[in-house]
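Peer 1: my questions concern the predicted model and sequence given below.
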Amino acid sequence: MSEKIEVVFLGTGSAMPTARKNHQAVWIKFKGETLLFDCGEGTQRQIRIAKLNPCKITRIFISHWHGDHILGIPGLLWTLALSDYKGELEVYIPKGTKRYMDTLLNFFVFVGKINISVREVDRGVVFENKDFKIIAERMQHTAKCLGYSFVEKDMLRIDKKKLKKLKIKPGPELAKIKLGKDVSINGKKIKAKSLTYEESGRKITIIPDTLKFPLLSKFADKSDLLISESSFLDEIHLAEEKKHLTSIDAAQIANKSKSKKLFLVHISQRYEANEKELLKNARKYFKNTEIPKDLDRVYL
């Protein structure tokens with residue numbers, strides 16, 4: 001059984017926060033890594049309310065430098081420094097935008113110390129370990145902007161029933177089978193393929209502020225969770241002018257990419273009392289659509 005992936009919607013609002021919706025931030029925790037995607041104003045307080053530990057964050061991925069996605073960084077770094085944060089915090093930002101991070105880090109005087117590594121990244125694999133990788137793709141917005149996909153690596157699994165039938169117990173032979181190597185037991189050659197199967201890794205794609213364009217569906221291809229901005233209801237011309245998506249755009253991307261579930265976030269405050277209409281519109285094109293509340297948790 002695969003280890004669960006925890007997803008927490010720390011903020012689901014748009015450019016201006018409301019009493020119910022904080023600025024944008026998504027928390028993903030998996031196998032010793034805690035990833036924060038964007039860090040809008042108030043994110044660290046949302047972390048506290050959710051009873052999460054900010055010192056567990058290992059990497060921060062910034063989509064772009066608009067205030068509703070980054071104004072929580074100074075406060076979070078301040079708290080981590082005061083909390084004697086261990087290790088190195090890696091911050092990933094769009095290529096060519098390091099001057100903004102430098103300005104942010106010089107904006108106040110740290111009390112305490114924190115080791116920060118800032119990495120400018122572009123499209124492609126921006127982080128990888130033995131368990132998963134993070135893939136970035138350029139968005140089309142009014143500022144340099146990246147979307148991110150969390151992609152768990154495929155796993156080689158062993159059929160326990162077949163092991164039991166062949167009376168293969170823990171030991172060197174089983175270790176080889178786990179690596180996909182054939183073994184000989186009591187003079188009989190056993191192919192690893194006959195005892196194993198490949199389990200596909202899970203995928204979470206986050207589409208931040210962007211104009212709709214064809215590559216988005218390819219980027220989100222077969223996502224288990226697609227978390228997409230949905231700034232507008234059905235005002236296509238306004239969405240194009242501001243370079244954002246409508247709820248219908250997001251649903252069409254989910255449908256074309258064959259994603260399993262769609263979450264609409266970054267919803268403008270103008271729809272606070274009318275979110276059901278966004279959901280209704282989206283579900284015409286992609287039935288398995290939800291609008292999460294701040295602090296909602298999802299497990300894969």
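Peer 2: Looks like it arrived, so ask away. Residues are numbered from 1 along each chain as shown.

Peer 1: can you give me the buried ones in stretch 37-45?
Peer 2: Judged by neighbour count (16 or more other CB atoms under 10 Å), stretch 37-45 contains these buried residues: 37, 38, 39, 40, 41, 42, 43, 44. For glycine as for every other residue, the C-beta is placed from the backbone atoms N, C-alpha and C.

Peer 1: what's the answer for stretch 188-207, then?
Peer 2: Residues of stretch 188-207 classed as buried by neighbour count (16+ other CB under 10 Å): 190, 192, 195, 196, 201, 202, 203, 204, 205, 206, 207.

Peer 1: make a markdown table out of those residues and add distance to residue 72, secondary structure and pLDDT.
Peer 2: Listed next are the buried residues of stretch 188-207 as a markdown table, based on distance: CB to CB, whole Å; DSSP: H, G, I helix; E, B strand; the rest coil; pLDDT from 0 to 100:
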| residue | distance to residue 72 | secondary structure | pLDDT |
| --- | --- | --- | --- |
| 190 | 54 | strand | 73 |
| 192 | 48 | helix | 65 |
| 195 | 49 | coil | 71 |
| 196 | 44 | strand | 71 |
| 201 | 30 | coil | 95 |
| 202 | 27 | coil | 97 |
| 203 | 26 | strand | 98 |
| 204 | 21 | strand | 98 |
| 205 | 22 | strand | 98 |
| 206 | 16 | strand | 98 |
| 207 | 20 | strand | 98 |
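
Peer 1: look up how far residue 264 lies from residue 232.
Peer 2: As defined by CB to CB, to the nearest Å, residue 232 lies at a distance of 11 Å from residue 264.

Peer 1: mutual contacts of these two, please.
Peer 2: With contacts taken as CB atoms under 8 Å, 6 or more residues apart in numbering, residue 232 and residue 264 have residue 247 as neighbours in common.

Peer 1: picking that back up, closest to residue 142 out of the buried residues of stretch 188-207?
Peer 2: Among those, residue 207 lies closest to residue 142 (CB to CB), at 15.6 Å.

Peer 1: OK, contacts around that closest one?
Peer 2: Contacts for residue 207 (CB under 8 Å, 6+ apart) come out as 139, 147, 216, 219, 220, 226, 227, 228, 229, 245, 250, 253.

Peer 1: if we use 7 Å, what do you get?
Peer 2: Residue 207 makes contacts with 147, 216, 220, 228, 229, as judged by CB atoms under 7 Å, 6 or more residues apart in numbering.
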